[in-house]
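Chemist: Turn this into a structure:
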Amino acid sequence: MKRQRTEKLWREEKYRVMFHSQKHYNQLRLAMRDILPHEQIEQLIEDALQQIPTDGSMRNACQHMWGYFRKVATSEEKQKYEKLLITGQIPALLCFLQQLSIQYNITYLRQSTILKIPEE
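Modeler: Reported below is the predicted structural model:
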C-alpha cells in the first residue's frame, strides 16, 4: 500500500523535479529503483524542489513533456511549441503543454503537479 503511495507521488512530481534539477531527478530515479522508504523519497523530492531551476533544466523538462505530443500535434502546435521553447517563454510553454494535455487527454501529464491548475 505504501509503495503505491510512493509511486503515485513520484508519478505526480517527476517532471517538476526534472524542471528544478536533472541531478536530483537522476537520484530519485535510482531511489525509486532501489525502493527507498516513502519518507526518504518525499525528502529527496523536497530537496529537489528547493533547487533554483536552470534554463537547461526547465527546457529539458518541457522537451520531455512535449514527447507525448510529438506524433499527434498539428503543425501549428509544433510551431507554437518551438517558438515558446526557443524564446524561453517557460510559463507560457507550461500553460501550452497543460492545454495540450487536456486537449489530447494525456492522463499522465494531467496528473503531473507541474501542469496542475491551482485550486481556487
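
Chemist: which sections of the protein are below the confidence cut-off?
Modeler: Applying pLDDT under 70 to the chain flags the ranges 117-120.

Chemist: Next, work out how far apart the residue sitting nearest the centre point of it and residue 24 are.
Modeler: Centroid-nearest residue in the chain: residue 15, 1.9 Å away (criterion: CA atoms, centre = their mean). Residue 15 sits at a distance of 12 Å from residue 24 (criterion: CB to CB, to the nearest Å). Heads up, the C-betas are built off the backbone N, CA and C, glycines and all.

Chemist: Backbone dihedrals for the residue nearest to the centre of the chain, both of them.
Modeler: Dihedral pair for residue 15: phi -80, psi -30, per degrees, to the nearest 10.

Chemist: got the contact list for it?
Modeler: 61, 64-65, 109, 112-115 (CB atoms under 8 Å, 6 or more residues apart in numbering).

Chemist: Sketch out the helices for this structure, chain order is fine.
Modeler: For the chain, applying DSSP state H gives helices covering 2-20, 22-33, 38-49, 55-66, 75-86, 90-103, 107-110.

Chemist: And the fourth one, what's buried?
Modeler: Translated: helix 55-66. Buried residues in helix 55-66, defined by neighbour count with 16 or more other CB atoms under 10 Å: 57-62, 65-66.

Chemist: before we move on, back to that, next one: the residue nearest to the centre of the chain relative to residue 64, how far apart?
Modeler: Distance, residue 15 to residue 64, using CB to CB: 7 Å.

Chemist: For the residue nearest to residue 40 when sequence neighbours are not counted, list the residues it contacts.
Modeler: Leaving aside its chain neighbours, residue 40 sits nearest to residue 31 (6.7 Å; criterion: CB to CB, 6 or more residues apart in numbering). By CB under 8 Å, 6+ apart, residue 31 lies in contact with 40-41, 44.
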